[in-house]
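In: Quick one, what's the 3D model for this:
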Amino acid sequence: MKQILMALAAVLFFSACAPRAQGEISRTDYVLGTVCSVRLIEGGSTKTNDEIFERLRQIEDRMSANKDGTEIATVNAAAGGAPVKVSADTFYVISKALDYAKLTQGGFDPTVGPLVKLWNIGSEGAKVPPKEAIAAAVKLIDYRKVELDHKNLTVRLKSPGMRLDLGAIAKGYSADEVASICERHRVKAAVVDLGGNVLVYGAKKDGSPWRVGVQDPKSDRGEYLGLVTGKNMTVVTSGIYERFFIENGVRYHHILDTKTGYPATNSLVSVSIVAERSIDADGLSTSVFALGLENGMKLVKSLPGVNAIFVDDKNRVFLSPGANKIFSLTNKDYTLSE
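Out: Take a look at the predicted model:
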């Protein structure tokens, strides 16, 4: 329930950055394991939103690792056995996830499923697992053991016990799909918020740019530390504030280090990625956070059209080249650093 309320607060918070337009069509629902909001500000209809949420549920029913009968659940159940045929969109998202795994040399790894299931962060009763169980789960994580057959659209996990988890990239793909539906329905302007994965589509009537608030990672009240300004962009943030539990005075967050098996420990508390495509921003936000400030910055610098906003545990904000043109710091508790 806490996660639902926090996600809903984020939806309401973003709405404050984009005042409601007369005649807009809005819908908020729980899907993809979070609160999702779509605002058709100019163009579209109730049927457009119906199609959008039907598509979101279809993606969840294919790609969720936490529901029985999904394509990902079927692939996981067959680990160590025969290949499993999946839909074209599930195959595409798995392929993109493996691309980011290669790019980060396993810092981002869609086979993190055994570790995610073991920690179960975000659910009631989450606690630190036994060291032996963590070590066993880490041994099952290896993106190089995922076999893809592009011709037949099949996926095979080589070792028994392996598990795919697309939770760090599927919402990004979903936001891009919403944008595609908006394009087909000739929507001129829309705001999409899938549990904090924000995408702004089209242009405002007055021609002014969108403003997207970046969450203050040390506040649970929907406050923001600054604003990203632009057009046709997506902003996705990964941070230690999203899902966590506290045990013996120690905070354990949901971004897991695939090498140690424990929540990633570096100086960062959040990373926000600004890009054109949400699947890239989603995959990169987790990847860059796991890499840390120095290596994460190097990765972002190598990718055209991608900007990043890093926040560390000393309330310092670091911007990738180009981010200073689109991001303005508004919270006086934070300082910009070189």
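In: Provide a list of residues in contact with the closest residue to K117 other than its chain neighbours.
Out: Excluding the flanking residues, the one nearest K117 by CB to CB, 6 or more residues apart in numbering is R163, at 6.5 Å. (C-beta placed from N, C-alpha, C; glycine too.) Going by CB atoms under 8 Å, 6 or more residues apart in numbering, R163 touches 65, 76, 79, 111, 113-114, 116-117, 140, 157.
In: Could you give the bridge partners of R251?
Out: Using DSSP bridges, the beta-bridge partners of R251 come out as I246.
In: Centroid-nearest residue for the protein?
Out: The chain has D282 as the residue nearest its centroid, 4.0 Å off, counting by CA atoms, centre = their mean.
In: quick one: which helix or strand includes it?
Out: In this assignment (DSSP states H and E), D282 forms part of helix 278-301.
In: so what does that helix touch, helix or strand wise?
Out: When contacts are defined as 3 or more CB pairs under 8 Å, 6 or more residues apart in numbering; DSSP states H and E, helix 278-301 packs onto helix 88-103, helix 170-184, strand 197-202, strand 233-239, strand 268-275, strand 307-312.
In: before we move on, the earlier item: hang on, isn't the residue nearest to the centre of the chain packed against K171?
Out: Yes: contact criterion CB atoms under 8 Å: D282 and K171 qualify, at 5.8 Å.
In: Between the two, which contacts overlap?
Out: Shared contacts of D282 and K171, counting by CB under 8 Å, 6+ apart, come down to N197.
In: coming back round to it: tell me the buried residues in the helix holding D282?
Out: Residues of helix 278-301 classed as buried under the neighbour-count rule (16 or more other CB atoms under 10 Å) are 278-293, 295-297, 299-300.
In: if we can go back for a sec, mind checking which of the helices and strands packed on helix 278-301 is nearest L148?
Out: Of all the helices and strands packed on helix 278-301, helix 88-103 sits nearest to L148, with 6.4 Å by CB to CB.
In: in that closest one, what counts as buried?
Out: Within helix 88-103, the residues scored as buried using 16+ other CB under 10 Å are 89-91, 93-94, 96-98, 100-101, 103.
In: got it, and stretch 126-142?
Out: Using 16+ other CB under 10 Å as the test for burial, stretch 126-142 gives 126, 129, 134, 136-138, 140-142.
In: where does the stretch 151-300 of the chain have low pLDDT?
Out: Along the stretch 151-300 of the chain, segments meeting pLDDT under 70 span 220-221.
In: list the contacts for the nearest residue to A179 once chain neighbours are set aside?
Out: The shortest distance from A179 to any non-neighbouring residue, by CB to CB, 6+ apart, is to Y201 (5.2 Å). Contact analysis of Y201 by CB under 8 Å, 6+ apart lists 178-179, 182, 187, 189-192, 232.
In: one more time with 10 Å
Out: 38-41, 175, 178-183, 187-192, 210, 231-234 (CB atoms under 10 Å, 6 or more residues apart in numbering).
In: again, but for G226
Out: 212-216, 272, 309, 311, 317, 319, 327-331, 334, 336.
In: Only the buried subset of these, as a PyMOL command please.
Out: Filtering those down to the buried ones (16+ other CB under 10 Å) takes a single PyMOL command:
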select buried, resi 212+213+214+215+216+272+309+311+317+319+327+329+331+334
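In: now I59: how far from F289?
Out: Distance, I59 to F289, by CB to CB, to the nearest Å: 23 Å.
In: hang on, the earlier thing: which one is the residue nearest to the centre of the chain nearest to, not counting chain neighbours?
Out: Nearest non-adjacent residue to D282 (CB to CB, 6+ apart): G172, at 2.6 Å.
In: Helices of the stretch 101-250 of the chain, start to end?
Out: Counting by DSSP state H, counting those that start in this stretch, the segments of the stretch 101-250 of the chain that form helices are 113-119, 131-138, 170-184.
In: end to end, how far does stretch 268-281 reach?
Out: For stretch 268-281, the first-to-last residue distance is 17 Å (CA to CA, to the nearest Å).
In: Over to stretch 189-200?
Out: First residue to last in stretch 189-200 (CA to CA) measures 8 Å.
In: before we move on, what about stretch 117-125?
Out: From start residue to end residue, stretch 117-125 stretches across 13 Å - CA to CA.
In: contact partners of it?
Out: Looking at stretch 117-125 with CB under 10 Å, 6+ apart, the contacting residues turn out to be 1-3, 33, 65-66, 76, 116, 126-130, 133-134, 136-138, 163, 165, 167, 242-245, 252-256, 261-263.
In: in the stretch 1-150 of the chain, which spans are strands?
Out: Taking DSSP state E, counting those that start in this stretch to define them, one finds strands in the stretch 1-150 of the chain at 25-31, 34-42, 84-85, 146-149.
In: Pick the most buried one from the ones you listed.
Out: Stretch with highest mean neighbour count among those: strand 34-42 (a mean of 23; mean count of other CB atoms under 10 Å).
In: could you dump that strand to PDB, C-alpha only?
Out: Extracted in PDB, the C-alpha atoms of strand 34-42 (Å, rounded to 0.1, in the frame of the first residue of the first chain):
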ATOM      1  CA  THR A  34       2.300   0.700 -10.200                       C
ATOM      2  CA  VAL A  35       0.000   3.700 -10.600                       C
ATOM      3  CA  CYS A  36      -0.100   4.800 -14.200                       C
ATOM      4  CA  SER A  37      -1.600   8.100 -15.400                       C
ATOM      5  CA  VAL A  38      -2.200   9.300 -19.000                       C
ATOM      6  CA  ARG A  39      -3.400  12.800 -19.800                       C
ATOM      7  CA  LEU A  40      -4.500  13.500 -23.400                       C
ATOM      8  CA  ILE A  41      -4.100  17.300 -23.300                       C
ATOM      9  CA  GLU A  42      -5.000  18.000 -26.900                       C
END
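In: Sounds good, over and out.
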